[in-house]
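Peer 1: this one's structure only:
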């Protein structure tokens, strides 16, 4: 509560000797002081009005009390009449002053009222009421009315009159001076509060701040400045901020910076500086001028933050976006960019450009026989040999699996290309020594020459792919040049296009829906719409059998629009049934960038006014990343801002999505590709990729969902990693819309997921749980293989103890000092024991001693149980 302002301090000089009158005077004085307090503290108008009304009401009550007392002693005297007239004039004057609210600010009106009330009440008490009370006191002492008046006049004359005038004058000045002082105190308090706030921000912000004078010499820094740069305030005050310069920016950069600062009034940008210890780091710097009351610059303020972490994240994702994780070769995005450059060069120099599609012969048996790790090493070595066989200006890109794409330019004739291809085929056919194994493998290559007037990479790659299959049919370990005979395939494609078009007209297509769930809560929040072709003779035809045929055609747009309409119609039906699900549809790059996409989508949405667009999501397919980013960004923004639909980036992590997309595309959801999810329990590389994607999604405030969740263990690992949303066969297979309602009624959330999500664990417990999941998966995979015949085995779990999930986990646990040294060695020994047994069983299995290998599984199980016990003791 605010302290009361005494513009009218009470004094015993105001005592009349009549208790009832004195008490009422004190209340009036208190109300006047309250009114002054509200004015001085700038209270709201309602509070001022309320206090004023209370004062007016009480004054009226006081006047009636006085008049009742005076009437008793002056029933018909002129003094009583004058007293009543004084009361009436008070009310009149107060109402007149209050009426000024219409012409003056309320604060000024209240200030005038206070001045009047203070003067009037002081005069009323000290003069009018004092005279009346003295007469009453004399009459009570036995004097007659006339004698009492004479006695009163005697007491109120002379020195007493002077005291009266002086006191009234003093109270007039006291009111004004007190209010002025209170206002000044309030203003100073506000300024001091603002200064304290500014000082707190300056001292506690995580951003570095320095202030320079007009000569650009540092006069002040905050604690964050020292934390980031390593320099204390004493070391930099009086020096130019250029002492932090890394030397990476030239003088022209700084000249432009000061020019921008002068013309625009501020400068912001990334700059590289050097810490006291010598380390160079990037920072985001903002420079602003500080001006005085005359708009003259007196100082400059620099605000900066260390962006080293975000730069590293950017580099990490850019690497993932443009290069294959395994071989470090360019991926499709970089290949497309280099193709455009190569075409431009070819046109300028009138030379030929060859697109070559290379596929290893019989790679799968090698991968199955020697294991996933050996297969990966072979792919890396193949990449190295291809690079060594081509020129620096040529490009080799990993297309996926055991496939590579080459761009060979500056060719005067195909003969030059043939020489290079022979060299590659010979180099790849030489034996490979990987670990303890000597492996031989060959390659088949298809070649397509780019025409000067028609240079489409997708077409050339399809032609080269077709030629590659011709090379395999011709005996492998060779190359084949695309020829006109392959144009017959185009005819076949046109026939298929007509079949698909007719199927659409005959209503042979339908949508299946695959539910999406929140593993943490058990909620089914959405479903992905997936097109299916129900052929009257061939039955259900999966999308991969017909969607690639319509890619890049008008029919692709027609089919895409049909899918959107069907999905919206289903949303309408489900809403009527009380089912609220977000439905997502896949949109290709070609469809997304079609001229009428936004208008078509807007029109179809208008046909379903009852459908809330927030429940409709577009999944931008991986191929969209090959399109024009600026165009795609604008389209996505229109979809979200203008049409209100949601957008997700599909198949994220396959190499077709990059930090550029995250930064420039407004998609709210990232979908982790199923190829990573399915193998994450077996392949540490896939685990690392998923972990990075989840981290990036969090950094960019994006939702993340994983597809391809096929087991409870997949879900548990994702939950621990921070991904709550999922879809996959482990939840539900795609189903017709008619089955969704019944499925929802019968769906029971995975209890292991709910238990995992709702149990609090330490970071250490999370990592141990991840270890157990990886260990159980490894055991199950290994035991299944041992129990199977060799011909039925597709691949083995990672057998090398330092490269398997558990081996990598143990290495990181050691780096992070997760366990005491004695426990750590116990874990290492237990892990080695598992691999010792597994290696022995593996060798027996491939020595055709399958029965003995199967019999040894019990020992392996015991070793794994021991590892589990060790982990339990460490928790």
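Peer 2: Received, thanks. Computed from a prediction, not measured in an experiment: that's the story for all the values here.
Peer 1: Tell me how far residue 46 lies from residue 53.
Peer 2: Per Cβ to Cβ, to the nearest Å, residue 46 is found 11 Å from residue 53. C-beta coordinates here come from the backbone N, C-alpha and C atoms, glycine included.
Peer 1: Who has more neighbours out of those two?
Peer 2: More neighbours surround residue 53 than the other of residue 46 and residue 53, with 11 against 8 (other Cβ atoms under 10 Å).
Peer 1: Give me the buried positions along whichever strand or helix holds that one.
Peer 2: According to DSSP states H and E, residue 53 maps onto helix 45-73. Buried positions in helix 45-73, judged by neighbour count with 16 or more other Cβ atoms under 10 Å: 48, 51, 52, 55, 56, 59, 62, 63, 66, 70, 73.
Peer 1: Could you do stretch 498-506 as well?
Peer 2: So for stretch 498-506, counting by 16+ other Cβ under 10 Å, buried means 500, 501, 503, 504.
Peer 1: Name the residues that touch that stretch?
Peer 2: 509, 533, 535, 546, 549, 550, 555, 558, 559, 562 (Cβ atoms under 8 Å, 6 or more residues apart in numbering).
Peer 1: hmm, back to that, just checking the distance from the helix holding residue 53 to the centre of its chain.
Peer 2: Relative to the chain's own centre, helix 45-73 is displaced by 63 Å; criterion: Cα atoms, centre = their mean, to the nearest Å.
Peer 1: and residue 736, how many neighbours does it have?
Peer 2: A total of 12 residues lie near residue 736 under the criterion other Cβ under 10 Å.
Peer 1: from memory it sits against residue 512, does it?
Peer 2: Yes - counting by Cβ atoms under 8 Å, residue 512 is a contact partner of residue 736 at 6.0 Å.
Peer 1: can I get the contacts of stretch 498-506 in TSV with pLDDT and neighbour count?
Peer 2: Below are the contacts of stretch 498-506 laid out as TSV (pLDDT from 0 to 100; neighbours: other Cβ atoms under 10 Å):
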residue	pLDDT	neighbour count
509	97	20
533	96	20
535	94	14
546	93	20
549	91	17
550	92	22
555	95	16
558	96	15
559	97	22
562	98	15
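Peer 1: Of all pairs in those residues, which one is the farthest apart?
Peer 2: Maximum pairwise distance in these, criterion Cβ to Cβ, is 18.4 Å, between 535 and 558.
Peer 1: Residue 619 reaches residue 586, doesn't it?
Peer 2: Yes - Residue 619 is in contact with residue 586 according to Cβ under 8 Å; the separation is 4.9 Å.
Peer 1: which neighbours do those two share?
Peer 2: Residues touching both residue 619 and residue 586 by Cβ under 8 Å, 6+ apart: 528, 650.
Peer 1: ok, residues contacting the one helix or strand residue 417 maps to?
Peer 2: Residue 417 belongs to helix 414-429 when assigned by DSSP H and E. By Cβ under 8 Å, 6+ apart, the list of residues contacting helix 414-429 from outside reads 352, 354, 356, 358, 360, 382, 385-386, 388-390, 406, 408, 411, 440-443, 445, 447, 449, 477-479, 481.
Peer 1: Likewise for stretch 292-301?
Peer 2: In contact with stretch 292-301 (Cβ under 8 Å, 6+ apart) are residues 209-214, 216, 219, 287-291.
Peer 1: what does stretch 786-799 give?
Peer 2: 367-368, 371-373, 682-684, 777-778, 781-782, 785, 804-805, 835, 838-839, 841-842, 845-846, 850, 853-854, 857.
Peer 1: Pull out the buried residues from stretch 270-286.
Peer 2: Applying 16+ other Cβ under 10 Å to stretch 270-286 flags 271, 273, 274, 281, 282, 283, 285 as buried.
Peer 1: From residue 148, how far out is residue 694?
Peer 2: Residue 694 is 98 Å from residue 148, by Cβ to Cβ.
Peer 1: Which residues belonging to stretch 374-392 are considered buried?
Peer 2: 374-383, 385-386, 389-390.
Peer 1: again, but for stretch 528-537
Peer 2: Buried residues in stretch 528-537 (16+ other Cβ under 10 Å): 528, 529, 530, 531, 532, 533.
Peer 1: so who does the last one touch?
Peer 2: Remark: with contacts taken as Cβ under 8 Å, 6+ apart, residue 533 is in contact with 500, 503, 508, 509, 540, 541, 543, 545, 546.
Peer 1: let's see it at 6 Å
Peer 2: Going by Cβ atoms under 6 Å, 6 or more residues apart in numbering, residue 533 touches 508, 509, 541, 546.
Peer 1: Now flag whichever of these is closest to residue 24.
Peer 2: residue 509 (92.5 Å).
Peer 1: Tally up the residues packed near the closest residue to residue 316 other than its chain neighbours, please.
Peer 2: Excluding the flanking residues, the one nearest residue 316 by Cβ to Cβ, 6 or more residues apart in numbering is residue 692, at 6.7 Å. Using other Cβ under 10 Å, residue 692 has 15 neighbouring residues.
Peer 1: before we move on, what about residue 561?
Peer 2: There are 18 residues near residue 561, going by other Cβ under 10 Å.
Peer 1: Could you do the one 3 residues further on as well?
Peer 2: A count of neighbours around residue 564, defined by other Cβ under 10 Å, yields 22.
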